[in-house]
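J.: Here is my input, please return the structure:
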Amino acid sequence: MFVVRLPDARSEDTQRVEALTSKHGTLIRSVRLGESAFVLFRSEESLVTLSDSLAPLPKGGTLLQVDTPYVLSSREILPGRTRLTLNEDVVIGGEEFVVMAGPCTVETETQVATIAKSVGDSGARILRGGAFKPRTSPFSFQGRGLEGLDILSHVGRHAGLLQVSEAMCEEEVGDVAAAVDILQVGMRNGLNYSLLEAIGRHPDRPTVLLKRGIGSTLEEFLAAADYILAGGNPNVILCLRGTVDFSKHSRSALNVADIPALRQMTHLPIVVDPSHAAGHRDLVPAMSAASLVAGADGLLIEVHHEPDMAWVDGPQSLTLQGFAHLMNRLRALAPAIGRWVAPGKARETTVLHPMEELSLEKAPREEGNQANGNESHEELQA
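T.: Numbers count the residues shown, from 1 in each chain. Next up is the predicted model:
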């Protein structure tokens with residue numbers, strides 16, 4: 001695959017390059033991402049020969065050869081790192097280690113408001129909450145739909161938090177994009193190409209949190225991101241949440257090595273969902289710290305004020321106190337690797353080593369957490 005990258009491209013520049021490339025190969029498509037345009041084509045000619053044949057390219061134009069199944073998300077296309085500015089305070093992919101937190105699912109307005117205030121006071125920037133819920137059983141709670149979406153949006157804005165929620169099908173894309181700041185694609189839909197294409201061509205270009213599809217390789221994961229980028233939407237965040245394995249100690253297998261591996265492969269920002277990877281709340285702090293140190297740009301964490309009463313995924317949800325404690329640890333750890341975590345309103349009076357009580361040996365299981373977590377294992381929640 002060959003790509004001509006045109007920074008600050010005008011439409012006439014793109015059309016000229018399309019005409020040139022069509023003479024020397026097969027034009028696939030042109031994609032505009034922000035101010036840049038990318039003309040993708042195939043050719044039997046070599047890179048050297050094409051460089052001569054296409055010269056001179058419009059000002060700043062570059063001819064690239066990409067030999068991976070993913071193209072627009074690759075480092076070859078954009079050697080640097082994409083930073084997504086959500087508002088004047090929150091940038092994902094920058095120096096801040098951004099934490100998204102909230103309940104797995106929207107239950108009631110009181111529930112969401114209680115959790116939102118607490119996680120916001122602890123330093124979370126984005127409120128998570130599911131309104132449309134993909135479940136293993138058709139008889140399990142499926143979420144509150146549009147009503148839940150309205151609750152999340154209203155409470156989040158009142159609390160001064162951005163919001164992230166999932167769309168499960170093409171018909172829900174418009175509603176979710178209009179209601180919240182980040183549209184999530186869950187694990188179950190990570191390879192739903194019709195949904196990804198619909199999100200990519202949505203005129204509002206919503207910021208997308210794309211979870212790794214079940215059983216997907218990293219190459220397939222990035223190719224899925226390309227479906228969104230190919231539609232003209234550059235606002236993609238990758239989310240690792242572990243893959244299915246046979247461990248009885250965690251819900252999914254989160255390979256921390258995937259974080260630096262993705263760093264080498266893509267320019268897109270990367271966050272980690274340690275809650276679904278762990279399946280047990282007492283594993284979440286250590287996995288969160290490991291993700292920070294390995295180079296992730298943020299976390300997506302499930303938090304509940306009464307996890308034993310949660311309608312979905314209670315065993316893996318941190319308590320409000322547990323989340324506040326974790327945030328203080330991350331704040332202490334982040335500067336050692338050149339990152340920072342948003343300050344909380346309530347500070348610990350005692351300064352402790354950032355890694356203390358993050359390990360399993362020193363972190364007692366929080367009250368109410370069950371070791372087996374059978375319901376959590378049975379639900380391959382996105």
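
J.: For stretch 304-323, list every residue counted as buried.
T.: 304-305, 307, 310-320, 322-323 (16 or more other Cβ atoms under 10 Å). No exception for glycine: its C-beta is placed from N, CA and C like everyone else's.

J.: for stretch 109-121, same thing?
T.: Neighbour-count burial for stretch 109-121 flags 111-120 (criterion: 16+ other Cβ under 10 Å).

J.: chain center to that stretch, what's the gap?
T.: Chain-centre distance of stretch 109-121: 22 Å, with Cα atoms, centre = their mean, to the nearest Å.

J.: quick one on the thing from earlier: identify those among the buried residues of stretch 304-323 that sit within helices.
T.: 320, 322-323 (DSSP state H).

J.: Just the closest of those residues to Gly93, please.
T.: Checking those against Gly93 by Cβ to Cβ gives Phe323 as the nearest, at 23.0 Å.

J.: Hmm, that closest one is touching Pro103, no?
T.: No - taking contacts as Cβ atoms under 8 Å, Phe323 lies outside contact range of Pro103: 11.4 Å.

J.: Could I get the full set of helices for the stretch 51-200 of the chain?
T.: Counting by DSSP state H, counting those that start in this stretch, the segments of the stretch 51-200 of the chain that form helices are 109-122, 145-159, 170-179, 193-200.

J.: what's the closest non-adjacent residue to Trp16?
T.: Just to correct that, residue 16 is Arg rather than Trp. Of all residues beyond its chain neighbours, the one nearest Arg16 is Pro58 (6.7 Å), with distances taken as Cβ to Cβ, 6 or more residues apart in numbering.

J.: pretty sure that neighbour is in contact with Asp13, am I right?
T.: Yes - shown here, Pro58 and Asp13 form a contact pair, counting by Cβ under 8 Å, at 4.1 Å.

J.: which residues are in contact with both of the two?
T.: Residues touching both Pro58 and Asp13 (Cβ atoms under 8 Å, 6 or more residues apart in numbering) are Leu6.

J.: and the nearest residue to Ala261 once chain neighbours are set aside, how far is that from Ile199?
T.: Leaving aside its chain neighbours, Ala261 sits nearest to Leu218 (6.2 Å; criterion: Cβ to Cβ, 6+ apart). For Leu218, the distance to Ile199 (Cβ to Cβ, to the nearest Å) stands at 20 Å.

J.: The residue nearest to Ala261: how many residues sit nearby?
T.: 17 (other Cβ atoms under 10 Å).

J.: Tell me who's in contact with it.
T.: Contacts of Leu218 by Cβ under 8 Å, 6+ apart are 258, 261-262, 265.

J.: Of the helices of the stretch 51-200 of the chain, which stretch is the most buried?
T.: Here the criterion is mean neighbour count by mean count of other Cβ atoms under 10 Å, and of the helices of the stretch 51-200 of the chain the winner is helix 109-122, at a mean of 21.

J.: So which elements touch that one?
T.: strand 98-102, strand 126-128, helix 145-159, helix 320-333 (3 or more Cβ pairs under 8 Å, 6 or more residues apart in numbering; DSSP states H and E).

J.: distance between that helix and the chain's centre?
T.: That offset, for helix 109-122, works out to 21 Å (Cα atoms, centre = their mean).

J.: cool, stretch 291-303 as well?
T.: With Cα atoms, centre = their mean, you get 10 Å for stretch 291-303.

J.: ok, now stretch 205-217?
T.: 7 Å.

J.: cool, stretch 333-350 as well?
T.: Distance, centroid of stretch 333-350 to centroid of chain: 22 Å (Cα atoms, centre = their mean).

J.: any chance of the helices and strands packed on helix 109-122 in JSON lines, with distance to Leu222 too?
T.: What follows is these, written out as JSON lines (distance: least, Cβ to Cβ, whole Å):
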{"stretch": "strand 98-102", "distance to Leu222": "21"}
{"stretch": "strand 126-128", "distance to Leu222": "23"}
{"stretch": "helix 145-159", "distance to Leu222": "29"}
{"stretch": "helix 320-333", "distance to Leu222": "27"}
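
J.: Of all the ones you listed, which one is nearest Asp204?
T.: Of all the helices and strands packed on helix 109-122, helix 145-159 comes closest under Cβ to Cβ, at 14.7 Å.

J.: Mind listing residues that contact the closest one?
T.: Residues contacting helix 145-159 (Cβ under 8 Å, 6+ apart): 105-106, 108-109, 112-113, 116-117, 120, 127, 129-132, 144, 162-163, 165, 175-176, 179-180.
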